[in-house]
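Need coordinates for the following:
(one chain, ligands or ions: 1)
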Amino acid sequence: MKIRLDNVVKTFDTFRAVHGVSLDIESGELLALLGPSGSGKTTILRMVAGLEYADGGHIYFGTEDATDIPVRDRGVGFVFQHYALFPHMTVSENIAFGMKVSKVKRSPEAIRERVEELLALVQLSGLGERFPGQISGGQRQRVALARALAVDPRVLLLDEPFGALDANVRRDLRRWLRRIHDELGITTLFVTHDQEEALDLADRVVILDKGMIVQQGTPEEVCRHPENAFVMRFLGDANSLPATVRDGMAYVQDVAYDAAGLADGTAEVLFRPADVAWREDGQGVPAHIVRVLDRPDSRRVLAKTTGGQSVEFDTAPEFPHRKGEAGFIDVRRPRIYKNG
Ligand SMILES: Nc1ncnc2c1ncn2[C@@H]1O[C@H](COP(=O)(O)OP(=O)(O)OP(=O)(O)O)[C@@H](O)[C@H]1O
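Numbering: from 1, shown residues only. Predicted coordinates:
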């Protein structure tokens, strides 16, 4: 099922939470809505679900305007971070619930079979008789997914489904979810504020800020070509040095970077901690080391330029330099963005 948002607007009282968002979610695609808190992700998801009305624009399910489709008939399955399972029902009863109340009538035997099938799919065979309080948080979210899948949704909406779980469990679950998605091919809209999660899982990532799309593309496209400083910063650690653009070059202190096409004026040079080489000869921005932090597989170096700017960069664990030493920050892959 293809979903299309066409210039969708949502206002709460006087506050505009979603500003004219247009977006195509292809049939079978797993799309992540990624953005900081308050950027409008959940509101968009709720409008697709039919739990919230758009004040402007249209949402299409296939070629049909979804405004005309009641929530029950949209065929959407949900998993929310705090979408609690019914605590007094067993895992199997939770999964069966939607089928029992559905307009599509199934025999008790057919429901039992489907529950077993779903338990196997979410790798919880044998746990059907437990109650939600007797399984782990990660297992509960897998049950929630099985419950959402039970009624054969045309669209799956996931709102921070792994938000409450610890980092290792989250990583396992997102790999697992991707496998399930590849197997079932249900059009899926996934909301997260976690960059790694979005990049790991999604076919395409839509980055939102203040209710607007600031960039969309494959994980590769958004990582390799962040279109503005917000996206560059939001996707990962970024250093920033103030620069002045003159005649197609950006100058940081005396170091020049190619800034072809940018108008003269102030700008900033952004770069990742992994894109720095520390040099003892004169190439790069002069700086001294403030601290060296050890990580399991690398060293993070905190430095300060002679211009007074802090820079962090990553090196091999063998990095021999220490606090107080002077050198030069040589930036690979600088990205230059105009201010404002
Ligand atoms: N029912 C409501 N009434 C008033 N304002 C609301 C309502 N729901 C959401 N908002 C506001 O709309 C904006 C977008 O909220 P939304 O929940 O969509 O953001 P989000 O990106 O999902 O954030 P988070 O990651 O924190 O869940 C926020 O500023 C929020 O306070």
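
Quick one: name the residues of the chain near the ligand.
Within the chain, the positions adjacent to the ligand are 12, 15, 17, 35, 37-43, 193 by Cβ under 6 Å from any ligand atom. Backbone N, C-alpha and C define where each C-beta goes, glycine included.

Mind doing that once more with 5 Å?
12, 17, 37-43, 193 (Cβ under 5 Å from any ligand atom).

are any of those buried, and which?
Listed as buried from the residues of the chain next to the ligand are 17, 39-43, 193; burial here means 16 or more other Cβ atoms under 10 Å.

Give me the subset of those lying in strands.
Ala17 (DSSP state E).

okay, the buried ones among the residues of the chain next to the ligand in CSV with pLDDT next?
Below are those laid out as CSV (pLDDT from 0 to 100):
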residue, pLDDT
Ala17, 95
Ser39, 96
Gly40, 96
Lys41, 96
Thr42, 94
Thr43, 96
His193, 92
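
is it possible to export the buried ones among the residues of the chain next to the ligand to TSV including distance to Val285?
TSV is the format used below for those (distance: Cβ to Cβ, whole Å):
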residue	distance to Val285
Ala17	41
Ser39	33
Gly40	38
Lys41	37
Thr42	41
Thr43	42
His193	32
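
Of the buried ones among the residues of the chain next to the ligand, which is the nearest to His225?
His225 has its nearest neighbour among those in Ser39, at 20.6 Å by Cβ to Cβ.

Secondary structure element holding the nearest residue to that closest one once chain neighbours are set aside?
Spatial nearest neighbour of Ser39, excluding adjacent residues (Cβ to Cβ, 6 or more residues apart in numbering): Leu208 at 4.2 Å. Element membership for Leu208, per DSSP states H and E: strand 204-209.

downstream neighbour of that strand in the secondary structure list?
For strand 204-209, the following helix or strand on the C-terminal side (DSSP H and E) is strand 212-217.

pLDDT averaged over that following strand, what's the number?
The average pLDDT within strand 212-217 is 97.

and for it, what are the contacting residues?
19-23, 204-208, 222, 225-228, 230-231 (Cβ atoms under 8 Å, 6 or more residues apart in numbering).

Now, of these, which are buried?
Neighbour-count burial (16+ other Cβ under 10 Å) applied to the contacts of strand 212-217 gives 19, 21, 23, 204-208, 222, 226-228, 230-231.

Among the contacts of strand 212-217, which ones are in helices?
Using DSSP state H, the members of those that fall within helices are 222, 230-231.

Backbone dihedrals for Ala110, please?
For Ala110, the backbone dihedrals are phi -60, psi -40 (criterion: degrees, to the nearest 10).

Look at it and say how many residues are nearby.
By other Cβ atoms under 10 Å, the residues close to Ala110 number 11.

Just confirm Arg112 is within a strand.
No - assignment of Arg112 by DSSP: H, G, I helix; E, B strand; the rest coil gives helix, placing it outside any strand.

Near it, how many other residues are there?
Neighbours around Arg112, by other Cβ under 10 Å: 14.

Please shift the residue numbers so they start at 26 in all later answers.
From this message on, residue numbering opens at 26, which makes the last subject Arg137.

show me the contacts for it.
Counting by Cβ under 8 Å, 6+ apart, Arg137 has contacts Ala121.

For the ligand, see how far away it is.
37 Å (Cβ to the nearest ligand atom, to the nearest Å).

how close does that residue get to Gln164?
20 Å (Cβ to Cβ, to the nearest Å).

Send me the strand holding Leu233 as PDB with only the CA atoms.
C-alpha atoms of strand 229-234 as PDB (Å, rounded to 0.1, in the frame of the first residue of the first chain):
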ATOM      1  CA  ARG A 229      14.700   6.000   3.400                       C
ATOM      2  CA  VAL A 230      15.100   8.600   6.200                       C
ATOM      3  CA  VAL A 231      13.000  11.800   6.400                       C
ATOM      4  CA  ILE A 232      14.500  14.400   8.700                       C
ATOM      5  CA  LEU A 233      12.200  16.800  10.400                       C
ATOM      6  CA  ASP A 234      12.800  20.000  12.200                       C
END
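
any idea of the angle that strand forms with strand 237-242?
160 degrees (axes from the mean of the first three to the mean of the last three Cα atoms, to 10 degrees).

Output the contacting helices and strands for strand 229-234.
strand 55-59, strand 237-242, helix 244-249, helix 254-260 (3 or more Cβ pairs under 8 Å, 6 or more residues apart in numbering; DSSP states H and E).

Would you mind giving the secondary structure of Phe187?
coil.

Next one: it from Pro178, what distance?
With distances taken as Cβ to Cβ, Phe187 is found 19 Å from Pro178.

residues contacting the residue in the stretch 176-325 of the chain that the ligand sits nearest to?
Of all residues in the stretch 176-325 of the chain, His218 sits closest to the ligand, at 4.8 Å by Cβ to the nearest ligand atom. Residues counted as contacts of His218 (Cβ under 8 Å, 6+ apart) are 59-62, 66, 185.

if you set the cut-off to 7 Å instead, what comes out?
59-62 (Cβ atoms under 7 Å, 6 or more residues apart in numbering).

Could you tell me which helix of this structure is the longest one?
Counting residues, the longest helix found in the chain (DSSP H) is helix 192-209.

quick one, it and strand 55-59 angle?
Going by the same axes, to 10 degrees, helix 192-209 makes 140 degrees with strand 55-59.
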